[in-house]
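1. A predicted structure for the sequence below; I have some questions about it.
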Amino acid sequence: MTRHRAAARPPAVMRAFATLVLVAGALVAMAPFVWMIATSFKQPQDVFTPTPQLLPLSSETGAWAGTFDNYLAVFDIDGFTRAFVNSVLVVVVLVPAKVLLAAMAGYAFARIRFPGRDRVFAMILATIMLPGVALLVPKVFLTQELGMGDSLSGLIVPSLVSAFDIFLFRQFFLTLPQELEEAAKIDGAGWWLIFRKLALPLAKPALAVVTITAFIFHWNDFLWPLVILTDQEKYTLPLALQALASGRVAQPHLVMAGAVVAVMPVVAVFLIFQRRILDGIQFTGLK
Amino acid sequence: MVKTRRAGVRSGARSEAVAGWLFITPAVAHTLVFMAAPAVGALLLSFSQWDMTSAPTWAGLDNYRAVLFDRDLYPDFLVAVRVTAYYALLAVPASLLTGFVQAYLIDAVRRGQGVFRLAFYLPMITAEAAVAAIWKWLYDPQFGLINGLLGVFGAEGPDWLGEPAMVVPALALIAAWQSGTAMIIFLAGLKGIPRNLYEAAEVDGARRRDQLLRITIPLLRPTTFYLVITGVIGALQVFGLVYVLFGRDIGGPESAGLTYVLQLYVTGFRDGEMGAASAMSFLLFAVTIMVTALQFRLLRREPA
Amino acid sequence: MKVTPALALSVLALVAVSCGDTGGSATSQAATVDFWYYQPTPQQADKVKRLAKDFETANPGLKIKLTEIPKDDYNTKIATALNGGNGPDAGYLDQPQMARFAGGRQIAAVPARTIDESAYYEGALETNRVSGTLYGVPLQQTTVVLFYNKDYVQTPPATWDQLVAESERVHRENPKVAGVALPKGDGFGAWIFPAFVASAGGTMVDENARKVTFNSPQGQEALGLWRTLLASSPRKITNTDQAFQKGLAAMTFSGPWDVLGIREQFPQLKFGTALLPKKLEDASTIGGENGVVFSTADNPDGAWKWLKFLSSADHNAEFADITGNFPVNRAAAAKSTLAGDQDMKIVIDQLQSARSRPALPEWIKVNDEFIAKAIEEGVDGGRSPAEALDTAAVRAAKALGW
């Protein structure tokens, strides 16, 4: 994308005003996170203060009373360690496989000529319109019939292919110049080799967007794990957080520590790849 | 010579066809198993009565009839429809307006575009379970940050998630907080507006406000339209947020937060009425298709 | 991105994941008893695991596999798993679910001479009986009593009139404190509601006449009482989590689990318990879990042994203590660490007048959806208790097929 210089730059006064409003807006947008982090370091007796108290100060003496205990507690007793491992397992297995399958199919639909191609592509494209919820009930029973009920594979296998990702890769490969591939073909290179050595390396921007959005989506996913998983030992982080938040005895300091654990990996990944992702989202218009 | 080359081309075409199918086979097989088969299954189930304890029995249109018209068996179905429509009505404009203002201002400043983009997008990538947990605590009527701050200014905040009338507005406020997608896409739209249009307007002496009203907003119509449609489709499917926010009190006070998918979940996975839940799925699917079709129709009418 | 290693890695990991986590219920060996239950807290889960170890020591050759499931999703998860053919050997079953699962032949009748029926409290035992046949073993029971904050309430109210007066007095004198943290219109509130109907002399249903009766004048009085209490017990105060525990409500209705919970987490709260205030007679509602063996169990003998162990004179007290409930075994009740406890004595007294829920397959839906809604409408909402209950009664009759 070409670097854009805004048309008819507004005068300095207006720019300063805009910056001011944006800073205020950013503070508001960040406040829930700040409050989450602040609460997560408080001791239980300091959480319920009549006026908001940002820093973890003792409600009796006013002295510093910040603590890591809440994190130790959620990791120790509330199954977050297990849930964390489960979440990691799911995305580590699912995301690369999902990206690869989408890239392969997207490449074939863009580049390889074979009978029935366009019809098959139209069929896959049509499934984008199906809201996931519409298939929820039969998909749950199908997954169980396949012996993947209440298991991490039940989270992974049914999500391996995304029509939208295939579409994205196809559109991306269509924009790439074809000359190199033609040359390789004449040299007798097979399709797999061309895909792997030529096409994929060029597809880095698309790979990045699809990988990161898949990671974020599956790390955060709630409904599917909720209906598939039974045993709390197999819970992923969002479910563990839900269980923690809806316990008979709700405790904000623990819940917020749990929320920090669930949110931070995504934020970290996002911070590292933000420019790529945000540009990619602008580019593709995808959520 | 000619002959062999032809044969080469033909075998090349065949190997190309084989390669193509090999490349797409996993995706196609997966789509057949996990999309096509469940779609047929959902349709069949929606015409059946099935409580999971015995074999499904054919029920014709009974599920649809009961879900749509029997207020005794499904007293909350229309409530859920109303809540979801009201939510879409508030949440979509709220997040679009916020996103637009953010994008417009970010486009106007020179420094810190990246930081602002990041700050406004972070709420978007937060797990909905975490969003709900955080806002439940922010909205706590006695000790929450929001009412606490209002208290500092001498105002008394409402019981956000406890008063039926406040529930959907409170949810819409969360949607406004999650304006990141709208902001990013508006920003792309803004950058796509040809610069010379503004320059010409400047020459004609148009003020900034006129430029905003006459150039920016009209030219962002396709973008806005896209965001409205995707926003509405997203709003129809809100689940995790309300599921976690209200916990045991499904749907919140007087079911004021009972969204469509939550009602679907309760019908299928709490009450074990899979047939009725499938009928609800298909009704949702039909509405989604209609919204999408509307998008295509209106877009076609839109001059390029 | 290197494709081949990534692909190999995913395939490997996929295999690892599938091998790792399908070894659960579906493939349980003959010597393993797969037991599903729900737990309020992880600490309690640890203690149950220790109890299972004791069982394994006492019964060499048997292994207990414990699976914890969130309470709210338990009934659906069990039904789904049984349908998918990978259900457990044994598990908890909420009292009103017995009829549904017995009717669907998904749980097995208790084999003759497995337990000594006279060892149990009758009320708890009877929740296991469907059409004369015993389908489970009671494991623990619970009921609801009045909790009051001694800072605001000196003498706990014994009657409805005193309850209303006390609630109004507290809220008048302390506008920031609610009189009662009143149950909400959810499944929990709907579970407590019958206690008040019974106290007014009414019943929820008449099973023999197949008639819904909770919209009787007594039912209306009960809901009317809550509506009256709401005036001095604003939701805005009580809608914060644990309003009573934080001293924001002077009274509440809750069970023995909160006695333990408050002592542990809110040691500074000076609270007492008392029988629920009554109108005509003492009454409360009974709850608790039964242990059942599913008809598809691979190891029914081991499963019954485990359930017998949990409800035995030697271990039932420990098990009930862990979960914050009350023993079902009379001999165990005497051994409970809570036996000499003043608050637990109230719970025992209250259990004498506690009524069980109708043993009807559809009762959960009636409770969670129709009665809960009637509470919302008739207490918080704009409808009169009579109207709200009448609507719920019509719906309940339809759902019950009466």
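-> That came in fine, so what should we check first?

2. Around chain B, which positions in the stretch 251-400 of chain C sit nearby?
-> For the stretch 251-400 of chain C, the residues in contact with chain B under the definition Cβ under 8 Å from any Cβ of the partner chain are C:364-365, C:368-370, C:373, C:376-377, C:380-381, C:391, C:394-395, C:398-399. Every residue, glycine included, has its C-beta placed from N, CA and C.

3. Relative to the whole chain's centre, how far out is the host helix or strand of C:F101?
-> According to DSSP states H and E, C:F101 maps onto helix C:98-103. For helix C:98-103, the distance from its own C-alpha centre to the chain's C-alpha centre is 17 Å (Cα atoms, centre = their mean, to the nearest Å).

4. The next helix or strand along the chain from that helix - what's its average pLDDT?
-> Reading on from helix C:98-103 to the C-terminus, the next helix or strand found by DSSP H and E is helix C:122-126. For helix C:122-126, mean pLDDT is 86.

5. cool, and stretch C:131-145?
-> The average pLDDT for stretch C:131-145 rounds to 92.

6. Ends of that stretch, what's the gap?
-> Taking Cα to Cα, to the nearest Å, the first and last residues of stretch C:131-145 lie 30 Å apart.

7. close to chain B, is that stretch?
-> No: with Cβ under 8 Å from any Cβ as the measure, stretch C:131-145 is seen stopping short of chain B, the closest distance being 14.7 Å.

8. Would you mind listing the buried residues in that stretch?
-> Buried residues in stretch C:131-145, defined by neighbour count with 16 or more other Cβ atoms under 10 Å in any protein chain shown: C:L134, C:Y135, C:G136, C:V137, C:P138, C:L139, C:Q140, C:Q141, C:T142, C:T143, C:V144, C:V145.

9. again, but for stretch A:224-238
-> Of the residues in stretch A:224-238, those buried by neighbour count under the rule 16+ other Cβ under 10 Å are A:224-238.

10. Spell out which parts of the stretch 201-304 of chain B neighbour chain C.
-> Counting by Cβ under 8 Å from any Cβ, the residues of the stretch 201-304 of chain B close to chain C are B:R248, B:D249, B:I250, B:P253, B:E254, B:S255, B:F269, B:R270, B:D271, B:G272.

11. Tell me the one of these nearest A:V261?
-> A:V261 lies nearest to B:R248 out of these, by Cβ to Cβ, at 23.5 Å.

12. May I see the PyMOL selection of the buried members of the residues of the stretch 251-400 of chain C next to chain B?
-> Applying 16+ other Cβ under 10 Å to these, the buried members can be selected in PyMOL as follows:
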select buried, chain C and resi 364+365+368+369+370+373+376+377+380+381+391+395+399
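
13. Any stretches of chain A with poor pLDDT?
-> Low-confidence segments of chain A (pLDDT under 70): A:1-10, A:77-78, A:247-250, A:281-287.

14. likewise the stretch 1-150 of chain B?
-> The stretch 1-150 of chain B contains residues with pLDDT under 70 at B:1-11, B:53.

15. same for the helix or strand hosting B:V79, what does it pack against?
-> Assignment of secondary structure by DSSP H and E places B:V79 within helix B:77-108. Contacts of helix B:77-108 with other secondary structure elements, assessed using 3 or more Cβ pairs under 8 Å, 6 or more residues apart in numbering or on different chains; DSSP states H and E, are made with helix A:12-40, helix B:113-121, helix B:164-177, helix B:180-191, helix B:221-235, helix B:260-265.

16. could you dump those helices to CSV with mean neighbour count and distance to C:E387?
-> Written out in CSV, the entries for the helices and strands packed on helix B:77-108 read as follows (neighbours: other Cβ atoms under 10 Å in any protein chain shown; distance: least, Cβ to Cβ, whole Å):
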stretch, mean neighbour count, distance to C:E387
helix A:12-40, 17, 41
helix B:113-121, 20, 48
helix B:164-177, 21, 17
helix B:180-191, 24, 44
helix B:221-235, 19, 33
helix B:260-265, 26, 23
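
17. Tell me who's in contact with the nearest residue in space to C:D54 that is not next to it in sequence.
-> Distances taken as Cβ to Cβ, 6 or more residues apart in numbering or on different chains place C:H315 nearest to C:D54, at 7.5 Å, with adjacent residues excluded. Taking Cβ atoms under 8 Å, 6 or more residues apart in numbering or on different chains as the contact definition, C:H315 lies against C:L51, C:D54, C:F309, C:A332.

18. Pull up the pairing partners for the helix or strand harbouring C:M251, direction included.
-> Secondary structure assigned from DSSP H and E places C:M251 in strand C:249-254. For strand C:249-254, the paired strands and their directions (DSSP bridges) are strand C:145-149 (antiparallel), strand C:178-181 (parallel).

19. And these: which comes nearest C:P300?
-> Nearest of these to C:P300, taken as Cβ to Cβ: strand C:145-149 at 37.3 Å.

20. Contacts for the closest one next, please.
-> Contact partners of strand C:145-149, identified using Cβ under 8 Å, 6+ apart, comprise C:156-157, C:244, C:247, C:249-256, C:258, C:269-277, C:284, C:346-347, C:350.

21. And stretch A:261-268, by the same measure?
-> A:33, A:36, A:71, A:74-75, A:80, A:84, A:215-216, A:219-220, A:237-238, A:240-241, B:122, B:125-127, B:129-130.

22. Could you rerun that using 6 Å?
-> Counting contacts by Cβ atoms under 6 Å, 6 or more residues apart in numbering or on different chains, the residues outside stretch A:261-268 that touch it are A:F80, A:I216, A:W219, A:L237, A:L241, B:I125, B:T126, B:A127, B:A130.

23. now do stretch C:235-243
-> Contacts with stretch C:235-243, where a contact means Cβ under 6 Å, 6+ apart, come from A:A250, B:D140, B:P141, B:Q142, B:D159, B:G162, C:A178, C:A181, C:L248, C:A249.

24. The fifth one: how many residues sit nearby?
-> Yep, that's B:D159 we're talking about. Other residues within reach of B:D159, judged by other Cβ atoms under 10 Å in any protein chain shown, total 23.

25. I'd assumed it was in a strand, is it?
-> No: counting by DSSP: H, G, I helix; E, B strand; the rest coil, B:D159 is not found in a strand; it is coil.

26. Please report the distance of it from C:E166.
-> B:D159 is 24 Å from C:E166, where distance means Cβ to Cβ, to the nearest Å.

27. Tell me which residue is most central in chain B.
-> When Cα atoms, centre = their mean is applied to chain B, the residue found nearest the centroid is B:G234 (0.9 Å).

28. To clarify, my last question referred to chain A.
-> The C-alpha lying nearest the average C-alpha coordinate of chain A belongs to A:I216 (Cα atoms, centre = their mean; 0.5 Å).

29. what's the helix or strand harbouring that residue in contact with?
-> Using DSSP H and E, the element containing A:I216 is helix A:204-220. With Cβ under 6 Å, 6+ apart as the test, helix A:204-220 has contacts from A:91, A:94-95, A:98-99, A:165, A:169, A:172, A:266, A:273, A:276-277, A:280, B:125, B:127, C:1.

30. burial of the nearest residue to C:V347 once chain neighbours are set aside, as a residue count?
-> Sequence neighbours aside, C:P256 is the residue nearest to C:V347 in space, at 4.9 Å (criterion: Cβ to Cβ, 6+ apart). Taking other Cβ under 10 Å as the criterion, the count of residues near C:P256 is 29.

31. residues touching C:P256, list them.
-> By Cβ under 6 Å, 6+ apart, the residues touching C:P256 are C:T142, C:G324, C:F326, C:V347.

32. Just the ones of those in strands?
-> Cross-referencing those with the strands (criterion: DSSP state E) gives C:T142 as the overlap.

33. follow-up on the earlier one: just the closest of the buried residues of stretch C:131-145 to chain A, please.
-> Using Cβ to the nearest Cβ, C:T142 comes nearest to chain A of the buried residues of stretch C:131-145, at 12.2 Å.

34. Brilliant, that's me finished.
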